[in-house]
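> Here's a sequence, model it:
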Amino acid sequence: MQPELLTWLIPLPPVLAFALIVLFLNRSNRLSHTLAVGAMTLSWALAMVVFWRAITTADLGLHPIAASINWLPAGREALRFGVLIDPLSAVTLFFVAWTCLAIFVYSIGYHNFGKPRDPEDRPGLPPHAGGIEPMYARFFAFISLFAFGMLTLVVSDNLLLLFMGWEIMGLCSYLLIGFWYGKESAKKAMIKAFITTRVGDVFMLLGIAWLYSYTGSLNFREILYNPELLQSLHTPAFPELAARIPALYPMLSSVSVAGAIGLLLFMGTVGKSAQWPLHVWLPDAMEGPTPVSAMIHAATMVSAGVYLAARFFPLLTVGWHEGDPLTTAMKVVAFIGAFTALFAATIALTQNDIKRVLAYSTISQLGYMVAAVGIGAYAAAVFHLVTHAFFKALLFLGSGSVIHGMEHGVAASSTHAADAMPGQEGPAGVRKTHEHVDAQNMSNMGGLRRKMPVTFWTFLIGGFALSGFPLITAGFWSKDEILADAFGNGHLAVFLALALAALLTAFYTMRQITLTFLGQPRTQAAEHAHESVWTMTAPLVVLAVFAVAAGWAGIPEHFPGLGGLVPNWFQDFVVGALPEHPETLAFNPIPLLTSVVVALGGLFLGWLVYRRVRAGAEDPLKKPLGLLYTVWERKYGFDELYSWAFVRPAYWFAGTFVYRWLDRGVVDGILHGVARIALRLGSALRNYFDVPVINGTADRVGQGIKRAGQEFRVLQSGRVQQYLIVGLVFAGILLSYILVVKP
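Next up, the predicted model:
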């Protein structure tokens, strides 16, 4: 079968599963998850076949797998929909298919399939420990649609189809973050995510419109691999504005049309990948079920933002060649990425929610990728995108396994307490003696390595990969490539910011591992926690393999000792998607030593500081950091700032201006005025036309007929004899006329 046809088919099984579950199978949990997992497995198989064809095709960057059809006429031309598999989409398709399939399988155990439903559980609220999710089928329908959106985005060959998949994921994030809509926090989180990402999407849509107006096309190959067209975009974007504002002339005159369009599209990345200043939605997205967190943070949504930045790398870098100073657009991208990486890492140091630590970690790691795009390290950015997807999916699913075990530990400890209280056995006793423990707070954990060994070892592998543990983890190889490129090309500010962020990353990762798994249990819930079911642990093992082995594909050829042992095909393969192939950097020991020192140093310090934390103890960093700890714990006050600057004014504007003044005062006033005029006009028409003319004429006609009837009624006496006499007289007259007048 042709690879083009297989590529068309890749996104279809999940969307068909979504439709069938919603319309027909939503009453059967078993059929719902069987269809969803089966559909995702089919898409995974198709993706693997296409990926294999891609990596075995010579010069795939020059001759990609592509096909398109006409979709919407647009004047003399037509907008076309099509599929494209080039090196970038091939590697993205690989990790999306694997992580999505792992999450689908994991979700079966996470939602307690096969367990009876707790009679106290209600749709829209998290189930009690041990009970099946009341909206089990709906969950699998939604994540199937989520996977369809991401797969559509990856295989699309144009910006319009990409944007459709982009918005489908935006809808699904809204539905899944607020999946437990009975929680007020979940409702606020889904609205926050939806509105914040829409801000970036508005700018992205402006960029799409501007790009189409200049090029007449939205096809990737027609725009990004056309040197003449790209060169035509290397003209000042705001020449008149720059001339009018002399103070801003140097900055405005340096922004080309390509750079301005690239920055507008990049704002979509800032929103979708939760980069500063649109980062605030991602930590609150933890309100959804843990598989949703893994989908958003690893397999789909935030990865789509970096994919977009990498896809339009040729547009962002128009006018730049390797070794040249960065363009204005590239400087903006590099600054936002490096600042976000360090900014989010500081916040993660002070978080106690196991998923929220990972959320800020995601923001920070995405900053690494964005900074790499900004400094021109295209291959390193894509490499880290791939490795991060695997180890971050592993960490989120591992945190879900921990939470799952803790929730069962809470129920088990409550049951033991009820057994110890005479007369309080059974569910009533459990409720009355329930230990109030936040199952996501790391302060309530400890000692889980013995209770949950598979989760511990796989989480440890994922944590070490996130920290960049030297040589044996994928995160080391991809993160080291970014640092090496920043240092080798003289971007020292970016290098120092990312190196410091790497040190903090290793520190808070070891803090998380130590508080969660090491030491002694700090609560009864942790004491009674147990390992998760195989449908949850099996995906962890698979992802742990990738968290180690995925890095082997990108070991630099000149790396001491290991270079050349495994072919470094990744860089050569990925840069094949670029019109201009960058040169390989010479080996430099400084960034390597920096990577090793910050990773090992951060891990050691994290263990040293948190190895002896006891139940109820204050965070060891709180006192030494003082006010700085409070600032980081409160996330620099951005939530409060945005609430004061945007949310409250928006509520005031909607409630006071729009509703009270505009809606009730103006709109309702106009409608009421029109109604009063219509009422008076109707009254005048009734009094001066309807009643005297229409009704008067009809009444006079009726009265005339009535009087005529009264006059002629004397002829109708009702006596047969009179009728007979009249008949005889009439007959006689007629007969006389016939016989006498007309003989």
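
> F179: neighbour count?
23 (other CB atoms under 10 Å). Quick note: C-beta positions are derived from backbone N, CA and C, even for glycine.

> Next: K183.
K183, neighbours per other CB under 10 Å, totals 15.

> Would you confirm that it contacts G288?
No: K183 lies out of contact with G288 (CB atoms under 8 Å); the separation is 10.1 Å.

> after the one helix or strand in the chain whose mean pLDDT sits lowest, next one along is what?
Here the helix or strand of the chain ranked lowest by mean pLDDT, DSSP states H and E is helix 426-432, holding a mean of 36. In the C-terminal direction, the helix or strand that comes right after helix 426-432 (DSSP states H and E) is helix 448-451.

> dump the residue contacts of P649.
P649 makes no contacts at all, as judged by CB atoms under 8 Å, 6 or more residues apart in numbering.

> check which helix or strand covers it.
helix 648-652.

> So which bits of that helix are buried?
Using 16 or more other CB atoms under 10 Å as the test for burial, helix 648-652 gives no buried residues.

> Which residues does the next helix or strand after it contact?
Counting by DSSP H and E, the element after helix 648-652 in chain order, helix or strand, is helix 668-685. By CB under 8 Å, 6+ apart, the list of residues contacting helix 668-685 from outside is empty.

> now do 10 Å
Under the contact criterion CB atoms under 10 Å, 6 or more residues apart in numbering, helix 668-685 has outside partners W661, L662, D663, R664, D690, V691, I694.

> Can you mark which positions in it are buried?
Quick answer for helix 668-685: no buried residues (16+ other CB under 10 Å).

> what's downstream of the helix or strand hosting I513, the next helix or strand?
Assigned by DSSP H and E, I513 belongs to helix 492-517. Remark: after helix 492-517, the chain's next helix or strand is helix 524-527, criterion DSSP H and E.

> Give me the mean pLDDT for the helix or strand following that next one.
Tracing the chain past helix 524-527, the next element assigned as helix or strand by DSSP H and E is helix 534-549. In this model, helix 534-549 carries a mean pLDDT of 95.

> List the buried residues of helix 534-549.
T535, M536, T537, P539, L540, V542, L543, A544, F546, A547, V548.

> ok, how many other residues are close to V402?
So V402, with other CB under 10 Å, has 28 neighbours.

> Which helix or strand contains it?
Using DSSP H and E, V402 falls in helix 378-419.

> How about I461?
I461 belongs to helix 453-467, assigned by DSSP H and E.

> All the strands of the chain, residue numbers only.
Secondary structure of the chain (DSSP state E): strands at 65-74, 77-85.

> and which of the contacts of helix 668-685 is nearest L206?
If you rank those by distance to L206 using CB to CB, L662 comes first, at 26.4 Å.

> which residues sit in contact with that closest one?
F653, A654, T656, D668, G669.

> and the first one, what is it in contact with?
If you count contacts by CB under 10 Å, 6+ apart, F653 has them with Y659, L662.

> Next one: it from L31, what distance?
According to CB to CB, to the nearest Å, F653 and L31 sit 47 Å apart.

> again with M48
On the measure of CB to CB, M48 and L31 end up 26 Å apart.

> hmm, back to that, so which of the contacts of helix 668-685 sits lowest on pLDDT?
When the contacts of helix 668-685 are compared by pLDDT, D690 scores lowest at 82.

> pretty sure G82 contacts S217?
No: counting by CB atoms under 10 Å, G82 sits too far from S217 to count as a contact (12.0 Å).

> And these two? Which one has more around it.
G82 (21 against 18).

> before we move on, back to that, tell me which of the contacts of helix 668-685 is nearest to V306?
Nearest member of these to V306, counting by CB to CB, is L662, at 40.9 Å.

> Name the residues contacting each of G82 and S217.
Shared contacts of G82 and S217, counting by CB under 10 Å, 6+ apart, come down to N158.

> out of everything not next to it in sequence, what's closest to A484?
Nearest non-adjacent residue to A484, counting by CB to CB, 6 or more residues apart in numbering: P591, 4.3 Å away.

> doesn't L496 make contact with that neighbour?
No: counting by CB under 10 Å, P591 does not reach L496; the two are 11.2 Å apart.

> Residues that sit against both of the two, list them.
In contact with both P591 and L496: L483, A486, F487, using CB under 10 Å, 6+ apart.

> The second one and A493, how far apart?
Which is A486. Distance, A486 to A493, by CB to CB: 9 Å.

> What count of nearby residues applies to L171?
By other CB under 10 Å, the residues close to L171 number 14.

> And it, how close does it get to L366?
For L171, the distance to L366 - CB to CB - is 21 Å.
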